[in-house]
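Novice: Output the structure for:
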Amino acid sequence: MRLITQRVHMNKCNCRDMRQITLDRDFNVPDARPDALSIMKEQGNVQIEEARMVDGRASIKGTLEFQILYAVDGELPVSEMQGSVPFEEIIPLPCADRDDELTVHATIDDMRSELINSRKLGLKAVITLEVSADTVCDGEGAVDIEDGENILCRKKTLEISKLMFTGKDTMRVRDEWKLPGTKDAIGQILYSEFCLGEINTRMGENELQVDGQARVFLIYLSEGENPEMNFYENTIPLEGTVECNGCDAGMVAQVTTGIHNRDVEIKEDEDGESRVLDVELVLDFAINVYGQDQLELLTDFYSTTEKCQPLYEESYFENLIVQNKSRTRISGKIPAKEGNDPLKIWNVSGELRIDRKIQQENGVQVEGVVDVSVLYLTEDARVPLVSVKGSLPYSQFVEAEGLDEESNMWIRGSLEQISGSVTVDKEIEIKAVAAIDLIAFEKIEEPIIADFASEEIDWKTRSREPGMIGYVVQAGEELWDIAKRFFTTTDTIMSINQMENEVLNEGDILLILKEMAPQG
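Specialist: Got it, this is the predicted structure:
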């Protein structure tokens, strides 16, 4: 006899943990930049540069890249300062193996800058690192037996998810815009901001198809002897593909997206005016692709002509429970700065923060806030541009049937749209659309037959046993167990006892006919 086995390629999460870190750093304003009068807004992006296992701990190295827009007391109304803060964090992962693949998801929970003096700015940021240690492994199980005589098999069908592809890649997107005639030509860009908006991904043949948009906002000085401050905003379409060999449209993708690099270049139009913007954006993608399959697993077997004892070991499988993208509309009002009523809103940006994930029946309640930053123009020539900040709470129920405490669950949030308008009472009304992505897997730990032991039946001893016996069914016994014990078949027992089905009750008496030694 020989076991026939089947391998299942999968991604097993061995360990997961979260760590919140605080970064606090002061920066001098570069000599080429003007003195700072006040802070207007800031934005940041975390880049993970290295993640590796060292003696049961995850060593994470990364950088917080930031931009600060500040007001200037001088010829320029505003200026921009850029910089980076490196960090290194050690997170214990006692259940992880040395060769595990580490996945790090970083979110900025809070980031604030302050004016220390006209030539020095302080930056404080709170970052959450969510680290998981995964093993790309092969779960192997016996599915059948070959080269055996008089073998009876018992099988179980499992719904499983197979990891078909895992990898990281980038996608480069370029676009070119010509400023409308209502906008002045560009003399100098003072500030630029890129934010990802709605992004949809779906699997195609050997590729991940990407469709979405990013928001671009610029503050600039116009050309000429008396330059004036102006702004321009637009959306850059994100359309393209990322190679995923071996995948097809019927598979499910778990995708994390971020901005890797960005660039804006000023070009001249056909009239020689600086009215053309060449925009380039590079996106990061971390991709896992899963395919669904049925595994008909061999759970037990025996022979009527020899003693066979299956040998079991635990094996691990996963099955996709749910993948759901839920959207929620968020609205609220933010007061304008006292004494600086808004004349026109230039820019509204925001960051979605998930504070609580409450697992409930048939889903997860997700709660958090949207941190909003608004730039608006005022009628005061001394303070032409003002920044205000605020937070809007939200709560969204994401449907997900079949979850339990053991499920492997990932939840990510993003802000797909955000806009603002001035109300009659000079407040700023904010409207936003948030997306909550959830993907969850059932963990299946199943005993599988890894090997077996066998020996011949002592037919001389059996020949001295009665040809037929009466057997009293014990609690929990099934017909299969009894047939295996007496080297016979369930069909034989049912026929002798004139049974219509295999249902047994404790205390039932069955007639068991002794099987004879094989001839020859």
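
Novice: now the strands for the stretch 351-500 of the chain?
Specialist: All strands of the stretch 351-500 of the chain, identified by DSSP state E, counting those that start in this stretch, fall at 363-377, 385-399, 408-422, 428-456, 468-472.

Novice: in its sheet, what does the first one sit against?
Specialist: Paired strands of strand 363-377, with direction, are strand 344-360 (antiparallel), strand 385-399 (antiparallel) (DSSP bridges).

Novice: residues of the first one that come out buried?
Specialist: Spelled out, it's strand 344-360. By neighbour count on 16 or more other Cβ atoms under 10 Å, the buried set for strand 344-360 is W346, N347, V348, S349, G350, E351, L352, R353, I354. C-beta: built from backbone N, CA, C; applies to glycine.

Novice: now swap in stretch 206-226 and tell me
Specialist: Buried positions in stretch 206-226, judged by neighbour count with 16+ other Cβ under 10 Å: 207-210, 212-222.

Novice: Give me the distance between that stretch and the centre of its chain.
Specialist: 26 Å (Cα atoms, centre = their mean, to the nearest Å).

Novice: in what helix or strand does M81 lie?
Specialist: Following DSSP states H and E, one finds M81 within strand 78-92.

Novice: so what strands line up beside that strand?
Specialist: When pairs are called by DSSP bridges, strand 78-92 turns out to pair with strand 57-72 (antiparallel).

Novice: burial measure for the residue nearest to P34 when sequence neighbours are not counted, as a count.
Specialist: Leaving aside its sequence neighbours, P34 sits nearest to V72 (Cβ to Cβ, 6 or more residues apart in numbering; 4.7 Å). By the criterion of other Cβ atoms under 10 Å, V72 has 17 neighbours.

Novice: I figured V72 hits I39, correct?
Specialist: No. Counting by Cβ atoms under 8 Å, V72 stays clear of I39, with 11.6 Å between them.

Novice: Reformat the strands paired with strand 363-377 as a markdown table; add distance to V143 and mean pLDDT.
Specialist: Shown next, in a markdown table, are these (distance: least, Cβ to Cβ, whole Å; pLDDT from 0 to 100):
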| stretch | distance to V143 | mean pLDDT |
| --- | --- | --- |
| strand 344-360 | 34 | 93 |
| strand 385-399 | 34 | 94 |
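
Novice: Can I get those strands in a markdown table including distance to A142?
Specialist: Listed next are the strands paired with strand 363-377 as a markdown table, based on distance: least, Cβ to Cβ, whole Å:
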| stretch | distance to A142 |
| --- | --- |
| strand 344-360 | 35 |
| strand 385-399 | 37 |
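
Novice: closest one to I469 among those strands?
Specialist: Of all those, it is strand 344-360 that lies closest to I469, at 53.2 Å by Cβ to Cβ.

Novice: quick one, the closest one and strand 428-456 angle?
Specialist: If you take axes from the mean of the first three to the mean of the last three Cα atoms, to 10 degrees, strand 344-360 sits at 30 degrees to strand 428-456.

Novice: re the thing from before, okay, the strands of the stretch 351-500 of the chain, which one's buried deepest?
Specialist: strand 363-377 (a mean of 20; mean count of other Cβ atoms under 10 Å).

Novice: what about that strand, average pLDDT?
Specialist: For strand 363-377, the mean pLDDT works out to 95.

Novice: what's the answer for stretch 494-511, then?
Specialist: Here the average pLDDT along stretch 494-511 is 93.

Novice: residues in contact with that stretch?
Specialist: Stretch 494-511 is contacted from outside by 468-480, 482, 490, 493, 512-513, using Cβ atoms under 8 Å, 6 or more residues apart in numbering.

Novice: One more pass at 6 Å, please.
Specialist: Identification of contacts with stretch 494-511 by Cβ atoms under 6 Å, 6 or more residues apart in numbering yields M468, G470, Y471, V472, V473, A475, L479, L513.
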